[in-house]
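J.: Here is a sequence with its predicted model. Questions after.
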Amino acid sequence: MRFKKLRSWAKINLSLNVIKRLPNNYHNIESLITFVQSFDEIKIKIIDKAKHKISFSGKFSKGIGKNNTIIELLNLLEKNKLIKNKKFEIKVTKNIPQKSGMGGGSMNAACILKYLMKKKIVNISDKKVKELAYKVGADVVLGLEKKNSILFQNGKIGRSNSKVNFHVLIVMPKFGCSTKNIFSRVRNFSKPLYFNANKGFFKTNNLVQSNNDLENIVFKKYPKIKNLKHFLASLPNAVFTRMTGTGSAVVAYFKSKKATKNAAKIFQSKYKGYWYIVSKTI
């Protein structure tokens, strides 16, 4: 059997508000999410073996352990008897940095789950697939549809057909941020906005006025990221800049490809050796 090639798209948080801490030390958050035209490459096929065979390659594959999101997903599917007598070989080329706030591992699991459902290898209700996705990781459910999404404070997901149409320069320092560590430092909370997919939250003016509640926490711990954001905000024609998720990646938003490429040149001349990509929202 030949490998099937899949694209695991990177997600970015356009905004992120922390509403409250839960008794289990998790948090209720509200967030606007979009996807960009950058992806990890996944190859998958069924094999006649006793065990799954998962491998990672690429620039950002170092340090991925055996307890990754993909094996967690497969183990859950087996536990729930959803992939009886089937084993898979999966090869992942990691183009999206780990601990960047771009959901690399979570989107990998979502991509594979979507494929297994599309091929009817896994038959599961919408309700059950969301429950399963949350068990793998909080962000996994976001990757089940490649649409602009609203994460409500109660954990439900809203999807929007509206487009934000931004070109983006995404940059990252030479280190990542631990999601668990950053959320453990949250002390202040925002009032819920009660996002509604039909109220224009994805319009440019609203996005410019929104924010990421985790930025100040990250900036205090990592001043380099604060300086990085200020530099990106000073670039010509930048509409707004914002850290995605818990960082450490920061995104500068532009209205044209030309302006984004020009910004990338300026950035590269000052921050040599930093990772960056020029991309576009989907």
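T.: The structure has been received and is ready for your questions.
J.: ok, the residue lying farthest from the centre of the chain - contacts?
T.: Centroid-distance maximum for the chain: D48 at 32.6 Å, with C-alpha atoms, centre = their mean. Residues near D48 by C-beta atoms under 8 Å, 6 or more residues apart in numbering: K87. (Each C-beta comes from the backbone N, C-alpha and C, glycine too.)
J.: Next one: it from T34, what distance?
T.: According to C-beta to C-beta, to the nearest Å, D48 stands 40 Å off from T34.
J.: cool, I54 as well?
T.: Per C-beta to C-beta, I54 is found 28 Å from T34.
J.: Please identify the buried residues of the lengthiest strand in the chain?
T.: Longest strand of the chain, by residue count under DSSP state E: strand 27-47. Neighbour-count burial for strand 27-47 flags 27-36, 38-40, 42, 44 (criterion: 16 or more other C-beta atoms under 10 Å).
J.: Please apply the same query to stretch 217-228.
T.: Burial within stretch 217-228, assessed by neighbour count using 16+ other C-beta under 10 Å, is assigned to I217, V218, F219, Y222, I225, K226, L228.
J.: and the worst-scoring helix or strand of the chain on mean pLDDT, what does it pack onto?
T.: Ranked by mean pLDDT, DSSP states H and E, the weakest helix or strand in the chain is strand 157-160, scoring a mean of 90. Applying 3 or more C-beta pairs under 8 Å, 6 or more residues apart in numbering; DSSP states H and E, one finds that strand 157-160 contacts strand 148-151.
J.: how far out from the middle of the chain is the strand it packs on?
T.: Distance of strand 148-151 from its chain centroid, counting by C-alpha atoms, centre = their mean, to the nearest Å, is 12 Å.
J.: Show residues contacting it.
T.: Taking C-beta under 8 Å, 6+ apart as the rule, strand 148-151 contacts 29-34, 142, 157-164, 195-197, 201-202.
J.: how far away is the residue farthest from the centre of the chain from K79?
T.: Applying C-beta to C-beta to D48 and K79 gives a distance of 22 Å.
J.: Pairing partners for the least confident helix or strand of the chain, with directions?
T.: Paired strands of strand 157-160, with direction, are strand 148-151 (antiparallel) (DSSP bridges).
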